[in-house]
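> Here is my input, please return the structure:
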Amino acid sequence: MTTLTSARAAIDEIDAALATLLERRAALAEAVQRLKPVRGFAGRDPERERQIAEGMAAQAPALGAERLARIMNVVIEAGLELAEERIRARS
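Numbering: from 1, shown residues only. Down below sits the predicted model:
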């Protein structure tokens, strides 16, 4: 990137792609919530979440598993909140 404007434009493109992916992830998380015997925050699986962070770290080693775990914690919580809202609305 040669200018601040072009660097920010590149970030904006990535953020738009992330938003689309996060929405897709939330929809899949809702499907998972419907299949689990214990839904919502009580049904979280710390081992699965650790595996997710480690798998992502293999793809993005500069970020590392610990940092990605923090990011994914927020993503998972937001997805669970949305899933619970949607499940309640359809009940």
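> Not counting sequence-adjacent ones, nearest residue to residue 40?
When the adjacent residues along the chain are set aside, residue 40 lies closest to residue 84, with 5.4 Å between them (Cβ to Cβ, 6 or more residues apart in numbering). Just so you know, the C-beta spots here come from the backbone N, C-alpha and C atoms, and that holds for glycine as well.
> For the one you found, grab the count of nearby residues.
15 (other Cβ atoms under 10 Å).
> Relative to residue 67, how far out is it?
For residue 84, the distance to residue 67 equals 27 Å [Cβ to Cβ, to the nearest Å].
> Helices along this protein, start to end?
4-35, 46-59, 64-90 (DSSP state H).
> Switch those over to JSON lines; also include mean pLDDT.
Formatted as JSON lines, these follow (pLDDT from 0 to 100):
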{"stretch": "helix 4-35", "mean pLDDT": "96"}
{"stretch": "helix 46-59", "mean pLDDT": "98"}
{"stretch": "helix 64-90", "mean pLDDT": "95"}
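> ok, and which of these has the densest surroundings?
With neighbours taken as mean count of other Cβ atoms under 10 Å, the helices of the chain reach their highest mean count in helix 64-90, at a mean of 15.
> what's the angle from it to helix 46-59?
Angle, helix 64-90 to helix 46-59, by axes from the mean of the first three to the mean of the last three Cα atoms, to 10 degrees: 130 degrees.
> pretty sure residue 69 is touching residue 46, no?
No: checked against Cβ atoms under 8 Å, the pair residue 69 and residue 46 is beyond contact range at 10.0 Å.
> which residues touch residue 43?
33, 36-37 (Cβ atoms under 8 Å, 6 or more residues apart in numbering).
> From these, pick the one nearest residue 50.
Proximity of the contacts of residue 43 to residue 50 (Cβ to Cβ) peaks at residue 36, which lies at 17.7 Å.
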